[in-house]
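**Q** Sharing a sequence plus its predicted fold:
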Amino acid sequence: VIYPDENRADLVQPVKESDCDKLKYEDHLGRVVYVIGDTNPDFEIISKYCTHAVPNHDDFKAISYVTIIQYPEETHMPYHKDDADTGDTGTVIFNLTDDFSGGNFHVDGHTFIPFLGSMIAFNDSVNRWHGVDPVFGGERFSLCIWYADPDSEKTKQWDDVEEEQE
């Protein structure tokens, strides 16, 4: 990966554009991030199996971004508000493991203790404080899905890419 903005260690880009939808890297916090873009075959599988569990609400209609995040021992995600695209509307977190200690998830002052298969959904991530406590033992894995307004420019661009591939 490359870091296009020397002032933003959290922003990365693949060296090759073709790797954008299947990118794996260690971020500046020590977490391992697996990006699953819409041209990655796993994107469709995740969409198919997760859609039934996601709230039936306009904020969760079109997937814009998917990652699996591995939190090794002693990693965390500080409280933050997402620096998202203007079309982002909702976020869903599925906990993929529960054989770890620590790693609680927080949204706007509410604490969620993750367990295998649990899901946390919230909207307006650019205005909600959220974060993950340090993992004290084991490894925490989360499937993170961001949603966008189907009429946003980013979503329309992704739809155009899908049409070109057909």
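**A** The structure has been received and is ready for your questions.
**Q** Residue ranges in the protein under the pLDDT threshold?
**A** 1-21, 84-86, 152-166 (pLDDT under 70).
**Q** Does the residue most central in space within it lie in a helix or a strand, and which?
**A** Residue closest to the mean C-alpha point of the chain, counted by CA atoms, centre = their mean, is C144 at 3.3 Å. Per DSSP states H and E, C144 falls inside strand 140-148.
**Q** so what secondary structure elements neighbour that strand?
**A** Where contact means 3 or more CB pairs under 8 Å, 6 or more residues apart in numbering; DSSP states H and E, strand 140-148 is packed against helix 41-50, strand 62-71, strand 88-95. No exception for glycine: its C-beta is placed from N, CA and C like everyone else's.
**Q** Show me where this protein has its helices.
**A** 41-50, 153-165 (DSSP state H).
**Q** that older thread, ok, the residue nearest to the centre of the chain to I63 distance?
**A** Here C144 is placed at a distance of 11 Å from I63 (CB to CB, to the nearest Å).
**Q** cool, and N56?
**A** In terms of CB to CB, N56 sits 15 Å off from I63.
**Q** out of those two, which sits in the more crowded spot?
**A** Higher neighbour count among N56 and I63: I63, with 22 against 8, using other CB atoms under 10 Å.
**Q** who's in contact with the more buried one?
**A** Neighbour list for I63: 38, 43, 47, 145-148 [criterion: CB atoms under 8 Å, 6 or more residues apart in numbering].
**Q** what sits opposite it in the beta ladder?
**A** Following DSSP bridges, I63 is listed with bridge partners Y147.
**Q** Quick check: it vs V132, distance?
**A** I63 sits 21 Å away from V132, going by CB to CB.
**Q** What of Y71?
**A** Following CB to CB, the distance that separates Y71 from V132 is 7 Å.
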